[in-house]
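Enquirer: Predicted model, plus sequence, below.
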Amino acid sequence: MNFINKFFAKYSDEKITGWFRKVCLLEAVSWLFLFSAMIWIRYDREGLLPTIYIIVVGNIHGLFFTLYLLLLASARRIYKWDDEDTVFALLAAFFPFATVWIDKRLAKMERE
């Protein structure tokens, strides 16, 4: 985790906070597109277009998921989260739309 903090040390806290908020929202939106892909492929299993769509959307969701996890270490330092809050934010990445809640609740506590 130290190498992640060293990498993000060259950026200001405001910039990292902005990135974290955007990634939280984009990760939740990618969940929505991933669900639409799952519904589409359920009804058209043999189609090529749904397969391509789910591959593309899955890769995009994986990118935002990874960015969320990378920015979580810096967000912990900026927002001064304890271990419980950090584990909660980490687990929120595995539930649909929970990253928006993390941005609105946990990060808001430190913005006030």
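Expert: Yes, it's here.

Enquirer: How about the residue in the chain that sits furthest from its center?
Expert: Within the chain, residue 46 marks the point farthest from the mean C-alpha position, 30.9 Å out by C-alpha atoms, centre = their mean.

Enquirer: Pull the number of nearby residues for the closest residue to residue 58 other than its chain neighbours.
Expert: Distances taken as C-beta to C-beta, 6 or more residues apart in numbering put residue 34 closest to residue 58, at 6.6 Å, once the chain neighbours are dropped. The C-beta positions use only the backbone N, C-alpha and C, and glycine is treated the same way. Residue 34 has 17 neighbours, counted by other C-beta atoms under 10 Å.

Enquirer: Spit out the contact partners of residue 34.
Expert: 54, 57-58, 61 (C-beta atoms under 8 Å, 6 or more residues apart in numbering).

Enquirer: And for residue 64?
Expert: Residue 64 makes contact with 23, 26-27, 30, according to C-beta under 8 Å, 6+ apart.

Enquirer: returning to what we had before: what's the residue nearest to residue 58 sitting at in phi/psi?
Expert: phi -70, psi -40 (degrees, to the nearest 10).

Enquirer: Quick check, residue 38 in contact with residue 57.
Expert: No: with contact defined as C-beta atoms under 8 Å, residue 38 does not count as touching residue 57 (9.3 Å).

Enquirer: ok so, going back, just the ones in helices from the contacts of residue 34, please.
Expert: Among the contacts of residue 34, the members found in helices (DSSP state H) are 54, 57-58, 61.
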